[in-house]
Structures are given as C-alpha cells and as structure tokens.
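Visitor: any chance you could fold what I've pasted below:
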Amino acid sequence: MDVAALFPTAVAAVLVGAVLLGLLVLGLGWLRARRPAPASFLPPVALPEAAQGEASGVLVAEPGGRLVFVNDRARRYLGLNGQAPNLGNLLRQTKPNEALLELLAQEGRASLRIGERQLEAASLRLPAPRGGEQMVVVLREPEARPEPPAAAGQRADELAVISLAVAASLDPAETYAAILGQLPSLVRLDLAELNLWDPAARALRPVGHAGDRNYPQELARAGGAYAAGEGYSGWLAANRTPLLVERISAFAAARPKLYDADFPFQSYLGVPLLAGDHLVGTLEVASYEAGAYGPEDQRRLTWLAEQAAQAMRNAERHAQQQRRVAELSGLAEITRALQAASDPRELYGRLTSEVARFLDVQIVAFMTYDEARRALVGQPPFHGMPDIVAEVIRIPLPAGSQAETLWLTAEHWRSGDVPGDPMIDALGLRQFAETTGLRTILMAPVAAAGRRRSSPRGP
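Guide: A predicted model of the protein is given here:
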C-alpha cells in the first residue's frame, strides 16, 4: 500500500470531520440561545431596581407554595446548579422551615438559615398579572455594611419591600392602609395619621390612623379636618416642609389641634406629601415620649412620603377614571331607557327611576315649566312618592322672586339642611319637605336649545 498516496486523503477527512464537529458545536450553542428561558427564570411581577440586582435573593411563589421565580442570588443560596427550584427542596434546606412557610402565607419578617448561610427575610403579597396573588420573599445576608444614604437608614432590600407594599394597589383605601402599615418598620410611634388635601375646602381630611384608637373619635368631634394653618397638620399644608418637634411643650410656632390629658404627646414628626408642586396630603407620627424623633427619623419619613405621595396620586387618578366610567355607563343606560319610552308618563317614570338608581337617592321628581301659570309643575310618576303628591306639587316663579332668579340663572341648587333652609320657603316647598321628611335636596334645570324646560329634583 502506498502510504504517501493515502496521506492527502486522510488529512482531508480529518479537516472535514473537524469542520463538521465545529458546526455541530455552533449549532448546539445556537439552539441553546434560541430556547425560551424556563418560566422560573422570568419574574412574573415588576420587581423594583433594588430587588433586581445581585444584592438580594428574590423568590416569587403562587398560593400553595409553587415557586415561579428565583433570581440568581437566591439560586446560589439554594445551591441550584441549573436545577428547577421547588418548595420541597427549599424547605429541606431551611431552618426553621415553619418561618419560611409563614412568609409564603402572609407578609412578615424572619431570620432563616438556608444551607450554611444565615439570612434575613421579608415577604410581601402582590397581585399577580393574570389575577390572584403572589408572595415575594426578599433574602439578604446580615453582614455589616455601610448604610446607603438614599436608603434613609434602611437596607435596599427592605426599602424594596416597602416600595412594593405602598405601590401594590390602585385602590385608595388599600393604598392608605399600606402606607400606614409600613410606618412601624421606619419610626416608632404612639399615633400615626395620614391626611388627604381637599383643594376645594382648602383643608386636610384624615383617611387613615394607626396607634391610639381614641384619637380619630375625638378628632371627629372637633370637626374631623384641619384647615390650612390649623394645628401641626395645617402648618405642614401651609409651609410644605417637614416639621420635627422634639418637645411639644417647648414649641410655640404651632400647636396640635388635640393636645390634653387624653393625648399627652411629647414629640411629633410630620412631612407633607408632595407630587411635584402638587400637595397630596400629610404623613404624621407622634410619641408620648419626649425626644422620640431626630434627623434620621425625619429622613426615613421623608423617604416614605415620596413613595406615598405618588402612590396616593396614582390611586386617586384611578378612582377618578373608575367614577368617570361608571358615570358614562349610567348615562348610557338612562339614554337607552328614555329611547324605549313610548308615552310621556312612561318617559317620566323611566327617567326618575334611572336617575334614582344612578345617583343612589330615595326620591326623584321631574317638573316642567308651565308658562301660563309661571310655575314648575310636577309630572308623575315621581320615584319614591305616590302620584297624588306629584299631581299637586308645584313651584311658583313670580317675577323678581328668589325662585325665579334661581330658575333662570343657577346651574343647580343644593341644600344639606332642608328643615332649616329659608330657601325652601321661598320655593314653596315647606309642606312638601315636612310631608316627605326631606333632609337634603338637589335641583338641576334641564335646557333645550339654551331654553330651560324642566327641573329634575332629588333628595
């Protein structure tokens, strides 16, 4: 055999084999890159920046304990080398595992040992993207390290949990409760109050309290709100800057609205809730101990106020949108009801019934203007009253009278004290009000082509 003659053929075969092997390796790498990542690697909720990095381990679990996301840091804690995470494996490595189960069932904090590491854990309940709820557990190592200045004395992962809690819901009541619920982890308190600014009344109205349960009741007896400049809350609204009072008895620039033997507060800390230049409300805490708060507490509360202001504004915008949708839906239903009416009596009946349902009132009356009698005359049936009342009721409109002026110029008229309002007498409605027991009344003229035709009324 001529070995020299076979050498080129052997070399070519080796080169072809090497090329094929290289193509096979590249193909496998391409397929691996193209393969969708397992669901457990994809976070099912929008995690804050502090929880997305490598500083903390993050677990996300569905009800029942099924893990749907484990970040790289948590995988290292669990010793997962490409293996799929599961609750059983996690519980076997965790001591005490009962504490972990509690964190997966309800919000809280605990100290855990996972494998050889001692970790601190905090959990938060969040809405799942497709409905239901998920629990987010943040794990961190308790080694000493400098506190980040932006964290206001708290670790980044703790702040992440607080941020998630405050912004987790668009329901105003749930948002208020979440804000107050985070306060004990930031500052000590005997009383906490969250106020919402009412621009129309230029006053702060409480939307939530924590601590002393008697304070809200006493505040309600004292008017239930704070005018701009009234008490510490009003001071915050007027000055839009934090207020730290280490000893209330020695501070004269402002005084609490409630301060006596029943509420002997010794120190106070409050911050305004600002979204840009917009005043949203105030967040305030008080202690029965003098000197309970200092600059560090003020930084912590100011940080929470920044989160709270934006969350409250988002919740209020969402609530306004929901109210608007409900209004448009209600108006569409009223329109459909009127279009289905075949005669005047049926029209008035449908109109008053739909308005009563839409406004959630007990009585609705529809009245039309009678030029011959210069009066508004009832058109039965009224909602919530017998026809006999609707047939005899009328509002005289003598020239130059208060009633005529109201009819011709007012966009609407409302009274919240019918028994004591003299305008009821001017409209000739005193007997009607006493017969029906009205306490509140609203009148709104109806115009066609700019000319007023009728006036629906409701208590």
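
Visitor: and Ser291, that one's in a strand?
Guide: Careful, residue 291 is Gly and not Ser. No - under DSSP: H, G, I helix; E, B strand; the rest coil, Gly291 falls outside any strand and is assigned coil.

Visitor: my read is that it contacts Ser267, right?
Guide: Yes - counting by C-beta atoms under 8 Å, Gly291 touches Ser267, with 6.0 Å between them. Glycine gets a C-beta too; all of them are placed from N, C-alpha and C.

Visitor: where do the contact lists of these two overlap?
Guide: Common neighbours of Gly291 and Ser267, counting by C-beta atoms under 8 Å, 6 or more residues apart in numbering, are Glu246, Arg247.

Visitor: look at these two and report which has more neighbours.
Guide: Set side by side, Gly291 and Ser267 show more neighbours around Ser267, with 22 against 10, by other C-beta atoms under 10 Å.

Visitor: show me what counts as buried in stretch 121-139.
Guide: Ala121, Ala122, Ser123, Leu124, Leu126, Gln134, Met135, Val136, Val137, Val138, Leu139 (16 or more other C-beta atoms under 10 Å).

Visitor: could you dump those residues to CSV with secondary structure and distance to Phe382?
Guide: Output for the buried residues of stretch 121-139, formatted as CSV (DSSP: H, G, I helix; E, B strand; the rest coil; distance: C-beta to C-beta, whole Å):
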residue, secondary structure, distance to Phe382
Ala121, strand, 63
Ala122, strand, 59
Ser123, strand, 56
Leu124, strand, 53
Leu126, strand, 49
Gln134, strand, 52
Met135, strand, 54
Val136, strand, 55
Val137, strand, 59
Val138, strand, 60
Leu139, strand, 65
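
Visitor: where along the stretch 151-300 of the chain do the helices fall?
Guide: Taking DSSP state H, counting those that start in this stretch as the criterion, the stretch 151-300 of the chain carries its helices at 156-167, 172-182, 215-221, 231-239, 295-339.

Visitor: you'd agree Ser353 is in a helix?
Guide: Yes - judged by three-state DSSP, Ser353 forms part of a helix.

Visitor: what's the burial count for it?
Guide: 17.

Visitor: isn't it right up against His383?
Guide: Yes - shown here, Ser353 and His383 form a contact pair, counting by C-beta under 8 Å, at 5.3 Å.

Visitor: shared neighbours, the two?
Guide: Val364.

Visitor: ok so, going back, go through the helices of the stretch 151-300 of the chain and find the least confident stretch.
Guide: In terms of average pLDDT, helix 156-167 trails the rest of these, at a mean of 60.

Visitor: how about the residue nearest to Ile393 when sequence neighbours are not counted, phi and psi?
Guide: Take Ile393 and drop its neighbours on the chain: the residue closest to it by C-beta to C-beta, 6 or more residues apart in numbering is Gly378, 4.3 Å away. Backbone geometry at Gly378, expressed as degrees, to the nearest 10, gives phi -70, psi 140.

Visitor: mind checking the end-to-end distance for stretch 371-391?
Guide: 17 Å (C-alpha to C-alpha, to the nearest Å).

Visitor: can you give me the buried ones in it?
Guide: 375-385, 389-390.

Visitor: among these, which has the minimum pLDDT value?
Guide: Among the buried residues of stretch 371-391, Ala390 has the weakest pLDDT, 70.

Visitor: what's around Pro85, how many residues?
Guide: 21.

Visitor: tell me the domain ranges of this structure?
Guide: 40-163, 169-320, 344-458 (automatic domain parsing).

Visitor: what pairs with the stretch of helix or strand Val68 belongs to, parallel or antiparallel?
Guide: Assessed by DSSP states H and E, Val68 sits inside strand 67-70. As defined by DSSP bridges, the strand partners of strand 67-70 come to strand 57-61 (antiparallel).

Visitor: output the partner strand in CSV with nothing but the alpha carbons.
Guide: Extracted C-alpha coordinates of strand 57-61, given in CSV (Å, rounded to 0.1, in the frame of the first residue of the first chain):
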residue,chain,number,x,y,z
GLY,A,57,-32.1,36.9,46.8
VAL,A,58,-35.7,37.0,45.5
LEU,A,59,-38.3,34.3,45.5
VAL,A,60,-41.8,34.6,44.0
ALA,A,61,-44.4,32.0,44.9
